[in-house]
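Undergrad: Quick one: sequence plus predicted model below, questions after.
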Amino acid sequence: MKKPLYFFLPVLILIAWEITATFINNAFILPRLESILAVLLNPTATTYTMGTGSLIDNAKASIIRILLGFLLAAVIAIPLGIGMGRSEFVHEFFDSTIQILRPIPPLAWVPLTLAWFKIGITSIVFIIFIGAFFPILLNTIDGVRGIKKTWAEVAMNLGAHERQLMGKVILPGAAPTIWTGLRVGFGVAWMCVIAAEWLPGTTQGLGYLILYAYNFGQINVVVAGMVAIGLIGIGFDVLFKWVEKRWFGWRSLER
Amino acid sequence: MKNIANLSLRDISKTFTSEKGEKIESLSSISLDIENEEFICLLGPSGCGKTTLLRIIAGLDRPSTGSINLDGYGIDRPNPQIVMIFQEYSLYPWRTVVANIGFGLELRKVPAQERHLIIKKYIEIVGLEGFENSYPYELSGGMRQRVAVARALAVDPSVLLMDEPFGALDAQTRNLLQQELLKIWEKTKKTIVFVTHSVDEAVYLADRIVVLTPRPGRICEVISEDSPRPRDRTSIEFAKVRRHVLDLINQPKCSLP
């Protein structure tokens, strides 16, 4: 182990947790680690989750929702960001609206979302969409504006037409920054999906599971659900970073 | 082929409007005939509009007045026969050396197989064997400019425009690349218009040195130089030409706008 200190605190916390839990001896406040692990180590079991399906089923439900909202956000934010980054006119047209909407936290949209889309997946996806949209948009604009003027001029000088300029210079040049936007947007979306699953009428999802389990006093399931949420979040982040390093490493290496 | 005016500039002027709304004249009635396979150096102080002139020839900027002809055809947009090499930051950092050199060929839809043969040829000409799959960030400044030169040559233009291409390099690398540029020029027979503010560089490279005045840039003097190449920078002959050019650019007619 190169960095023994790195894992020191987590282990200490776990030991402290277990000692305190044994001492308190009240699973409604601080469940023992064994009872949490029992849920986590049987992710396909339906015995702990009170009819909401297994841990895996709930995770799947959350991931499908986040992907829907996130992809929708990307499909709209990236082209808009490219337009705003390339054209002063497009930027001037959209910027005021975006500046007004941007500071509103995604969860502040919940009541209006319910009024518009009623209870159901559409509302959840919309909240996720709002969460992911702005980081993707702002990074795309930044990425396109960060394209060196010479890169575009070399292409034009060598006879590139507009589509080639877009496909061979603007997109690849802005890609690393757009990717950062996607990563940040996904992180925000992941937070949104958990809270959005607390909306009335939801019957599955990790967010729903932890709140539902709390109502039944199953704190070990609550904590196991939180750990699952954290692990999935890290998993996606690692994936995003791996792609960044593999394909977009040039940005940090370029002098 | 000599003595045929290949690239001709007629009465080129350029006026900018600054952000404050002032009109700034950057170039004033530039007329010049450049022959086929000629090596021209545009020599002038910073801000005299020499880069602007090059950009106008490249079709990246439009002149306010005047016209440019290549083999009798007017130029008002980028032309496949005229390729520019920029001072720096012109390589695509996400492309390898090979992919950078092949960029122009890719734009022109040259089939992959033919492209590889052409790239291979120019990798050899600029001496980048062994670095085919390197990325620009792995290369020194001098090697990056070799890639830029190869990329320009790969589309086989008749005119190369070079905007202080070695200006950001150290003196040794610079001298080496100047020597190699001359070899490449002799091999490939391009017309070269080379912008520099270094008298030494101009005297070493050029067939003709076009001396520009400070802004607004006008042609002050055209100096023909027919001493054989490679020129010896330490020779008395070289020093004489150098002194002549230096005297000239210090005269009021060349040093005052």
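TA: Thanks, I have it.
Undergrad: all contacts plus neighbour counts: C-alpha atoms, from now on.
TA: Will do.
Undergrad: quick one: contacts of stretch B:171-178?
TA: Here stretch B:171-178 makes contact (C-alpha atoms under 8 Å, 6 or more residues apart in numbering or on different chains) with B:142, B:166-167, B:201, B:205.
Undergrad: So which of those residues sit within strands?
TA: Using DSSP state E to define strands, no part of these is located there.
Undergrad: What subset of those residues is buried?
TA: Taking 16 or more other C-alpha atoms under 10 Å in any protein chain shown as the criterion, what is buried in the contacts of stretch B:171-178 is B:142, B:166, B:201, B:205.
Undergrad: Closest one to residue B:28 out of those residues, please.
TA: residue B:201 (24.7 Å; C-alpha to C-alpha).
Undergrad: any idea how far that closest one lies from residue A:79?
TA: Distance, residue B:201 to residue A:79, by C-alpha to C-alpha, to the nearest Å: 47 Å.
Undergrad: what's the answer for residue A:219, then?
TA: 44 Å.
Undergrad: cool, residue A:104 as well?
TA: Distance, residue A:104 to residue A:79, using C-alpha to C-alpha: 22 Å.
Undergrad: Next: residue A:60.
TA: 29 Å.
Undergrad: With neighbour numbers in mind, choose between residue A:219 and residue A:79.
TA: residue A:219 (22 against 14; other C-alpha atoms under 10 Å in any protein chain shown).
Undergrad: and the nearest residue to that one once chain neighbours are set aside, backbone torsions?
TA: Distance criterion C-alpha to C-alpha, 6 or more residues apart in numbering or on different chains; nearest residue to residue A:219, sequence neighbours excluded, is residue A:28 at 5.7 Å. Dihedral angles of residue A:28 (phi, psi; degrees, to the nearest 10) stand at phi -80, psi -20.
Undergrad: burial of residue A:28, as a residue count?
TA: Neighbours of residue A:28 (other C-alpha under 10 Å): 12.
Undergrad: Would you quantify the distance from the closest residue to residue B:78 other than its chain neighbours to residue B:149?
TA: Of all residues not flanking residue B:78 in the chain, residue B:59 sits nearest, at 4.4 Å (C-alpha to C-alpha, 6+ apart). From residue B:59 across to residue B:149, the span is 19 Å (C-alpha to C-alpha).
Undergrad: One more: residue B:44?
TA: 23 Å.
Undergrad: So, low pLDDT: which residues of the stretch 151-255 of chain A?
TA: Residue ranges of the stretch 151-255 of chain A with pLDDT under 70: A:255.
Undergrad: Now for the residue positioned nearest the centre of chain B, which secondary structure element holds it?
TA: Residue closest to the average C-alpha location in chain B (C-alpha atoms, centre = their mean): residue B:162, at 2.0 Å. For residue B:162, the host element (DSSP states H and E) is strand B:159-163.
Undergrad: okay, the angle between whatever helix or strand comes next after that strand and strand B:159-163?
TA: Going down the chain from strand B:159-163, the next helix or strand is helix B:171-188, by DSSP H and E. Orientation of helix B:171-188 against strand B:159-163 (axes from the mean of the first three to the mean of the last three C-alpha atoms, to 10 degrees) gives an angle of 170 degrees.
Undergrad: Thanks a lot, see you next time.
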